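J.: sequence and predicted structure, then a few things I'm wondering about:
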Amino acid sequence: MLNLTGKNALILGVANNRSIAWGITQQLHQAGANLGITYLPDEKDRYRKKVQDLVSPLNPSLFMPCDVQNDDQVAEMFETVKKEWGHIDILIHSLAFAGKDELTGDFSETTRSGFLKAMEISTYSLTQLCAQAKTCMAEGGSIVTLSYLGGVKVIPNYNVMGIAKSGLEMSVRYLAAELGPKNIRVNAISSGPIRTLASSAVGGILDMIKHVEEIAPLRRTVTQTEVGNTAAFLCSDLASGITGQVIYVDAGYEIMGM
Ligand SMILES: NC(=O)c1ccc[n+]([C@@H]2O[C@H](COP(=O)([O-])OP(=O)(O)OC[C@H]3O[C@@H](n4cnc5c(N)ncnc54)[C@H](O)[C@@H]3O)[C@@H](O)[C@H]2O)c1
């Protein structure tokens, strides 16, 4: 049985009740994990209260700001985790960003600053977090990130985010190889398209979802809960032999050629 009782799970990426990270949070909670939730702080303070109101019924033992572009904040978050928990068992990286202008039109028009920002937030942040997490996972652990088919195949308008996801999936393999001897597993879930804040920035997302509903073997796209269930599995001892993998949770869309 899937049991995460007593496991400390640090989750980055909850913005609202549509977030994939929220689906994951609920499933980790249901399996008994002790939760640490972060939110993206900003000048207008758009997320803190919203995320706090959403997650408080699950009684997270930690609730912290974390902008992965801010090294001091990342370091402070891990200091808090070490002080309060001693160690981490699970790290969920469910975050990404690219400017709206970069997610429509011609890929060759991607700006240098747009390219670098997307790569920094969406790709480098996993490596950055793993460098800290490995110091808190003396007993081993499981790290899960979120990818998309656009990192492997060309998807209209996904553009720079496809490059970011391609780099993210390769990062998973390098990190898995490095951290495996410490019994730290690193995997990605490649989710089918789901309507969220981040995906609404991708031009034509609704058409993408409609296309998946017509073509995927299950004739639908997936839910946050289904992605959450797979994340809970990957974080559990049931997945103790799995690392360095990209698991598709996409109603089977990835296997189709036509
Ligand atoms: N929604 C989809 O169709 C889909 C499909 C496959 C993969 N994904 C991936 O799932 C992950 C979660 O996205 P989502 O769709 O749930 O959207 P979302 O908007 O709910 O989540 C994105 C999160 O990224 C966070 N974020 C952005 N910049 C950050 C920064 N500098 N520091 C820390 N956090 C930051 C946001 O606060 C937000 O919580 C992303 O990696 C996304 O690419 C989404």
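T.: Ah, there it is. None of the values given here were measured: they were computed from a predicted structure.
J.: which residues touch the closest residue to Glu84 other than its chain neighbours?
T.: Residue nearest to Glu84 in three dimensions, not counting chain neighbours: Leu62, with 6.0 Å by Cβ to Cβ, 6 or more residues apart in numbering. C-beta coordinates here come from the backbone N, C-alpha and C atoms, glycine included. For Leu62, the contact set (Cβ atoms under 8 Å, 6 or more residues apart in numbering) comprises 10, 35-37, 80-81, 84-85.
J.: tell me the confidence at the residue most central in space within the chain?
T.: Centroid-nearest residue in the chain, with Cα atoms, centre = their mean: Ser94, separated by 1.8 Å. Ser94 is assigned 98 on the pLDDT scale.
J.: isn't it up against Thr25?
T.: No - if you go by Cβ atoms under 8 Å, Ser94 and Thr25 don't touch, sitting 9.2 Å apart.
J.: give me the common contacts of those two.
T.: Residues touching both Ser94 and Thr25 (Cβ under 8 Å, 6+ apart) are 11, 14.
J.: now the residue nearest to Glu84, which residues is it bridged with?
T.: Counting by DSSP bridges, Leu62 forms beta bridges with Gly36.
J.: if I look at it, how far off is the ligand?
T.: As for Leu62, its distance to the ligand is 15 Å (criterion: Cβ to the nearest ligand atom, to the nearest Å).
J.: then Leu218?
T.: According to Cβ to the nearest ligand atom, Leu218 and the ligand sit 16 Å apart.
J.: residue contacts, that residue?
T.: With Cβ under 8 Å, 6+ apart, Leu218 has these contacts: 251-252.
J.: what residues does this structure put near the ligand?
T.: Applying Cβ under 6 Å from any ligand atom, we find that the chain lies next to the ligand at 12-15, 18-21, 40, 66-69, 94-97, 121, 146-148, 191, 193-194, 196-199.
J.: can I have the buried ones of these as a PyMOL selection?
T.: Buried members of the residues of the chain next to the ligand, identified by 16 or more other Cβ atoms under 10 Å, are gathered into one PyMOL selection as follows:
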select buried, resi 12+13+14+15+19+20+21+40+66+67+68+94+95+96+97+121+146+147+148+191+193+194+196+198+199
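J.: how far away is the residue nearest to Glu84 from Ser240?
T.: Distance from Leu62 to Ser240, counting by Cβ to Cβ, to the nearest Å: 26 Å.
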